[in-house]
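Peer 1: Sharing a model prediction with you, sequence too.
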Amino acid sequence: MGYFLETLFGGLMSGMLYALVGLGFVLIFKASGVFNFAQGAMVLVAALSMARFSAWLPEWLGFENMWLANILAFVISAALMVIIAWLVERLVLRHLVNQEATTLLMATLGISYFLDGFGQTLFGSSVYTIDVGMPKDPAFILDNLFEGGILINLEDLTAAAIAAALVAALALFFQYTSTGRALRAVADDHQAAQSIGIPLNRIWVIVWVVAGIVALVAGIIWGSKFGVQFTLSTAALRALPVVILGGLTSIPGAIIGGLIIGVGEKVSEAYLGPYLGGGIEIWFAYVLALTFLLFRPQGLFGEKIIDRV
């Protein structure tokens, strides 16, 4: 039982990180009706900015306080994501209002490739580290209930707590504010939303800013655990099965989908891996997503797909 709980906790912690990245995909889809392939590149650029500015600022300004460097780097990185969001709306999205979903999809692919190149040009292509003071040592809990206790990673626990707090705050914001209602209206019909006075351009900027901040937090957590390198942009696409499972239009779906994927990966690897030769964690999420695409393409919480003829 102790081993199962240890595996379950590990899956839940990984799942919260998946949910955080998946949330960025959901937000953009709700606003524009298209899957944002640039989300992975946004995570990469945000993480690169955080890693480099946290190293550059102490050298430029002559101080050694790590916390001050991280706070300033976070503010600068958040400002960079705001600028990127404003430029995306100004230079790309406002010219594609009421265009086909395929056109918007290709636009996000173009944005993704541009951000990859922009990040490499601005910050370099080496592997960087992010140190925000997250605990690295493991800990044993419930040792009075199970022999030897349950081993948990304090870094994973801290990351999961941060991700859970951000996800909860965003879910409440978009569910109970006028911005959230405007977001749903824009996702349903751009032209109709404009006709009732909803400022489409402002909504798009807000959503891309929020998705950028989500990408920044995800990049910091991911970079703290594994380092920042250019494979991060493709690693973020591991959240794709999360949004397929939960539904592309559902913020709660992204959360539940992330937790299901995280737990499913860890449990299947622990209990089925020895019989299937291991490696289940790599493909489990995609097989589960494929199954949902075949039998429930809208996901667990997505809107039912209705074909109009």
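Peer 2: Looks like it arrived, so ask away.
Peer 1: which helix is the longest one in this structure?
Peer 2: As assigned by DSSP state H, the longest helix anywhere in the chain is helix 2-32.
Peer 1: For that helix, buried residues please.
Peer 2: Neighbour counts over helix 2-32 (16 or more other CB atoms under 10 Å) mark 6-32 as buried. Any C-beta I mention is one placed from the backbone N, CA and C, and that applies to glycine too.
Peer 1: So, low pLDDT: which residues of the stretch 201-309 of the chain?
Peer 2: Along the stretch 201-309 of the chain, the parts satisfying pLDDT under 70 run over 235-236, 302-309.
Peer 1: ranges for the helices of it?
Peer 2: For the stretch 201-309 of the chain, the helices defined by DSSP state H, counting those that start in this stretch cover 232-235, 240-246, 251-271, 273-276, 280-295.
Peer 1: okay if I get those helices as TSV plus distance to Val167 and mean neighbour count?
Peer 2: As requested, the helices of the stretch 201-309 of the chain are exported to TSV (distance: least, CB to CB, whole Å; neighbours: other CB atoms under 10 Å):
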stretch	distance to Val167	mean neighbour count
helix 232-235	19	18
helix 240-246	12	27
helix 251-271	6	23
helix 273-276	29	10
helix 280-295	18	15
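Peer 1: Ok, which of those helices comes nearest Thr179?
Peer 2: When those are compared by CB to CB, helix 251-271 sits nearest Thr179, at 13.0 Å.
Peer 1: Next, the angle helix 280-295 makes with that closest one.
Peer 2: 130 degrees (axes from the mean of the first three to the mean of the last three CA atoms, to 10 degrees).
Peer 1: re the thing from before, what angle do the longest helix of the chain and helix 251-271 make?
Peer 2: Using the same axes, to 10 degrees: helix 2-32 against helix 251-271 is 150 degrees.
Peer 1: So which bits of the following helix or strand past helix 2-32 are buried?
Peer 2: Next in sequence after helix 2-32, counting helices and strands by DSSP states H and E, comes helix 39-61. Of all the residues in helix 39-61, those buried under the rule 16+ other CB under 10 Å are 39-54, 57-58.
Peer 1: Could you do stretch 169-182 as well?
Peer 2: For stretch 169-182, burial by neighbour count (16+ other CB under 10 Å) applies to 170-171, 174, 180, 182.
Peer 1: Between the two ends of that stretch, how far is it?
Peer 2: In stretch 169-182, first residue to last residue: 18 Å (CA to CA, to the nearest Å).
Peer 1: Alright, calling it a day.
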